[in-house]
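> Dropping a prediction and its sequence here:
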Amino acid sequence: MPGSTLFFSSLSEGMNWYNRFHQPEDFVKIMRKLMQIFPVVTVTILTLALGLAGCMTSPLAGNTPVAVTDTPSPTIAPVATTAAVSGALLTTKSLPEGITLTYPADWELQSGSGTAVRDYGGTTRNIANLYSPQITPDRTPPSEYNPDKSPYTSLSIDVEPEPVDNFEGYFHNASLSLGTRYLNYKITKHNYQLQVSITDDFSGYPAYQLNFDGDGVRGLYIFTNVHGMVYIFAFKNPSPYTEEVNAIIHSIRISP
């Protein structure tokens, strides 16, 4: 007699049969009796029954919880947490006025030039100046507008010679001075508040960041209030080295 006609015409019929004998001890007794009478047929039943049991006990079909790995949320590093440029050799320098910063090893650091009249108004003490390697064409895609054609990205680090009582007013006047200095002056980021020189046990000093474009210039200036003394970190033409510039900002430590 054909084995197929003795058993199930559909999967659902086989499932119903299995559910009638779902206790392991009942199932074993039945299999032993059938093996004595229909050895070949019983093997077929056993194979189908085990297959059905596998389906019934799958973690996806039962209530067994499935471990899910959550996708981690992006971590936004606070300004002044050291952030290294991937694959770059870094140099850390201690400068006058209690400033320490980290920058790519192929950038050139020059000592300050004494007092300097700056485009944001007033005369400051120039602490140091930092210059990138010469900008290569791959860092200036033609599709990205940049009014600044300088061959380098540069950073001037300055300190106001006298304490400032009204930091907000100082920043407002600096912005106005830049607008007077450059034609077609356009602020691209204004009144952006941040903290500079964050450590594990210090929340950092209050600061403003000002990004602007003008005829032949692009700037990213950070004005930081350190107990009334204003520190200025002025990047010119920052776009070709955006990652490096951000890493330098993140690395700044001020210990007056």
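Arrived safely. Numbers count the residues shown, from 1 in each chain.
> Surely Y192 is within a helix?
No - per DSSP: H, G, I helix; E, B strand; the rest coil, Y192 lies outside any helix segment and is strand.
> State the helix or strand in which T102 lies.
For T102, the host element (DSSP states H and E) is strand 99-104.
> What is the subsequent helix or strand relative to that strand?
Toward the C-terminus from strand 99-104 - assigned by DSSP H and E - lies strand 108-117.
> What residues sit buried inside that next one?
Under the neighbour-count criterion of 16 or more other Cβ atoms under 10 Å, strand 108-117 has G112 buried. Every residue, glycine included, has its C-beta placed from N, CA and C.
> What residues sit buried inside the next helix or strand after it?
Next helix or strand after strand 108-117 toward the C-terminus (DSSP H and E): strand 123-131. For strand 123-131, the neighbour count (16+ other Cβ under 10 Å) marks 124-130 as buried.
> hey, C-alpha coordinates of strand 123-131 in PDB?
Presented in PDB, the C-alpha positions along strand 123-131 are these (Å, rounded to 0.1, in the frame of the first residue of the first chain):
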ATOM      1  CA  THR A 123      44.100  95.700  19.300                       C
ATOM      2  CA  THR A 124      44.900  92.200  20.800                       C
ATOM      3  CA  ARG A 125      47.900  90.200  21.900                       C
ATOM      4  CA  ASN A 126      48.700  87.600  19.300                       C
ATOM      5  CA  ILE A 127      49.700  84.400  21.100                       C
ATOM      6  CA  ALA A 128      50.300  82.100  18.100                       C
ATOM      7  CA  ASN A 129      49.400  81.400  14.500                       C
ATOM      8  CA  LEU A 130      48.800  78.000  12.900                       C
ATOM      9  CA  TYR A 131      48.900  77.200   9.100                       C
END
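> Report the beta-bridge partners for F235.
Judged by DSSP bridges, the bridge partners of F235 are L155, L220.
> dump the residue contacts of it.
Going by Cβ atoms under 8 Å, 6 or more residues apart in numbering, F235 touches 153-155, 219-221, 245.
> Whichever of the residues you listed end up buried, select them in ChimeraX.
Remark: buried members of the contacts of F235, expressed as a ChimeraX selection using 16+ other Cβ under 10 Å:
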select :153,154,155,219,220,221,245
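> Can you name the residues bridging to the residue lying closest to S113 once chain neighbours are set aside?
Distance criterion Cβ to Cβ, 6 or more residues apart in numbering; nearest residue to S113, sequence neighbours excluded, is N126 at 4.8 Å. Taking DSSP bridges, one obtains G114, D158 as the residues bridged to N126.
> Pull the contacting residues for N126.
So N126 contacts 112-116, 156-158 (Cβ under 8 Å, 6+ apart).
> try 10 Å this time
110-116, 118, 156-159, 232 (Cβ atoms under 10 Å, 6 or more residues apart in numbering).
> which ones are touching the residue nearest to R125 when sequence neighbours are not counted?
Distances taken as Cβ to Cβ, 6+ apart put V159 closest to R125, at 5.0 Å, once the chain neighbours are dropped. Counting by Cβ under 10 Å, 6+ apart, V159 makes contact with 96-99, 112, 124-127, 224, 226, 229-232, 254, 256.
> Does anything pack onto the helix or strand in which N173 is found? Which helices or strands?
In this assignment (DSSP H and E), N173 forms part of helix 167-181. Applying 3 or more Cβ pairs under 10 Å, 6 or more residues apart in numbering; DSSP states H and E, one finds that helix 167-181 contacts strand 186-196, strand 205-214, strand 217-226, strand 229-236.
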